[in-house]
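Peer 1: Structure, please.
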Amino acid sequence: VQLQAFGGGLVQPGGSLRLSCAASGFTADYNAIGWFRQAPGKERVGVMCLSLSDGNTNYADFVKGRFTISRDNAKNTVYLQMNSLKPEDTAVYYCAAGDRGVGLITPLYDYWGQGTLVTVSS
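Peer 2: Residues are numbered from 1 along each chain as shown. A predicted model of the protein is given here:
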């Protein structure tokens, strides 16, 4: 399984970005996609995740009401729509795939993309 995350960039506070996570390879090896982020000097933390089997989602409190997660099955792609961005959302965002449930902790995921940088600044 290979994952490619893209769509990051520089955005002003209050702006929006949509990140994409494109999956290729043996997609039957996983049933959940998670988005994580890592700010400079900080640990990687879970942002949102999606069960591909039943559509259940899980999210961190700090994105409630601002971020949404969705998928396009035909494209094997999961999206993270980020609205009302804040400077503290600045981080490298990673997508990951796993088969051990819909959670926001890194040990649940076996496959990781390379990360895409999101910078929120005026």
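Peer 1: what number of residues lie near residue 64?
Peer 2: Using other Cβ atoms under 10 Å, residue 64 has 9 neighbouring residues. All C-beta spots, glycine's among them, are computed from the backbone N, C-alpha and C.
Peer 1: Quick check: phi and psi on residue 62?
Peer 2: Here is the backbone geometry of residue 62 (degrees, to the nearest 10): phi -70, psi -10.
Peer 1: Residue numbering should commence at 32 henceforth.
Peer 2: Yes, from this point I'll number from 32; that puts the last item at residue 93.
Peer 1: for this protein, which spans come out with low pLDDT?
Peer 2: Within the chain, the ranges that satisfy pLDDT under 70 run 57.
Peer 1: centroid residue for the protein?
Peer 2: Taking Cα atoms, centre = their mean, the centroid of the chain lies closest to residue 66, which sits 2.3 Å from it.
Peer 1: Checking that one next. Helix, strand or coil?
Peer 2: Three-state call for residue 66 (DSSP: H, G, I helix; E, B strand; the rest coil): strand.
Peer 1: Check residue 138 too.
Peer 2: Going by three-state DSSP: residue 138 is helix.
Peer 1: And the strands in this structure?
Peer 2: Using DSSP state E, the strands found in the chain span residues 33-37, 40-42, 48-55, 63-69, 76-82, 88-90, 98-103, 108-113, 122-129, 142-143, 147-151.
Peer 1: Same question for the third one: list its buried residues.
Peer 2: Of the residues in strand 48-55, those buried under the neighbour-count criterion (16 or more other Cβ atoms under 10 Å) are 48, 50, 51, 52, 53, 54.
Peer 1: Can you tell me which of those lies closest to residue 78?
Peer 2: Distance to residue 78, by Cβ to Cβ, is smallest for residue 50 among these, at 9.6 Å.
Peer 1: Surely residue 108 is in contact with residue 55?
Peer 2: No - shown here, residue 108 and residue 55 do not form a contact pair, counting by Cβ atoms under 8 Å, at 10.2 Å.
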